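Asker: model the following, please.
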Amino acid sequence: MPQTVDIEVFLAGAYAVFLLLVALGLELVARHSHHRSKQMRVAGFRFHRHHDVWECPAGQQLKPIASDYGRRLVRYRAPAHICNACSIKHLCTESEEGREIERNPDSWPE
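Answerer: All right, here's what the predicted structure looks like:
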């Protein structure tokens, strides 16, 4: 005699699969959103991994100035006197201390 699955068991299984699909979708959307946000923060800048420096659109280097090992962040900054004399500073930063970028070396969420 064939066994039948109770409707409650079937619905619970279907709900679990639905929740897994929603979680996967949210993960994909979060990764995409994070990537776009990161691109906007560093638009026009290039990271040179082998030298561990950022290069600004004007060709100046932002060098590491501090590391926060607890938060896994590295802060990079350009010299203030170079940024303050730059003709495109108004497009880059309002800071009188030089443009600063934070980078998380981890792969995700980085």
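Asker: what is the rounded mean pLDDT of the longest helix along the chain?
Answerer: In the chain, ranked by residue count with DSSP state H as the criterion, the top helix is helix 7-41. Computed over helix 7-41, the mean pLDDT rounds to 88.
Asker: centre of the chain to that helix, how far?
Answerer: Shown here is helix 7-41, whose average C-alpha point lies 19 Å from the average C-alpha point of the whole chain (C-alpha atoms, centre = their mean, to the nearest Å).
Asker: after it, which helix or strand is next?
Answerer: Past helix 7-41, further along toward the C-terminus, the next helix or strand under DSSP states H and E is strand 46-48.
Asker: name the helices or strands packed onto the very next helix or strand once past that following strand?
Answerer: Beyond strand 46-48 on the C-terminal side, the first helix or strand identified by DSSP H and E is strand 53-55. Under the contact definition 3 or more C-beta pairs under 8 Å, 6 or more residues apart in numbering; DSSP states H and E, strand 53-55 sits against strand 46-48, strand 61-68. For every residue, glycine as well, the C-beta is placed using N, CA and C.
Asker: if you set the cut-off to 10 Å instead, what comes out?
Answerer: Applying 3 or more C-beta pairs under 10 Å, 6 or more residues apart in numbering; DSSP states H and E, one finds that strand 53-55 contacts strand 46-48, strand 61-68, strand 73-77, strand 100-103.
Asker: what does the shortest one contact?
Answerer: For strand 46-48, the surrounding residues in contact (C-beta atoms under 10 Å, 6 or more residues apart in numbering) are 53-57, 61-62, 76, 101, 103.
Asker: can you redo the residues you listed as JSON lines with distance to Phe45?
Answerer: JSON lines is the format used below for the contacts of strand 46-48 (distance: C-beta to C-beta, whole Å):
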{"residue": "Val53", "distance to Phe45": "10"}
{"residue": "Trp54", "distance to Phe45": "5"}
{"residue": "Glu55", "distance to Phe45": "7"}
{"residue": "Cys56", "distance to Phe45": "6"}
{"residue": "Pro57", "distance to Phe45": "7"}
{"residue": "Gln61", "distance to Phe45": "10"}
{"residue": "Leu62", "distance to Phe45": "8"}
{"residue": "Tyr76", "distance to Phe45": "9"}
{"residue": "Ile101", "distance to Phe45": "7"}
{"residue": "Arg103", "distance to Phe45": "10"}
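Asker: fine, thanks again, bye for now.
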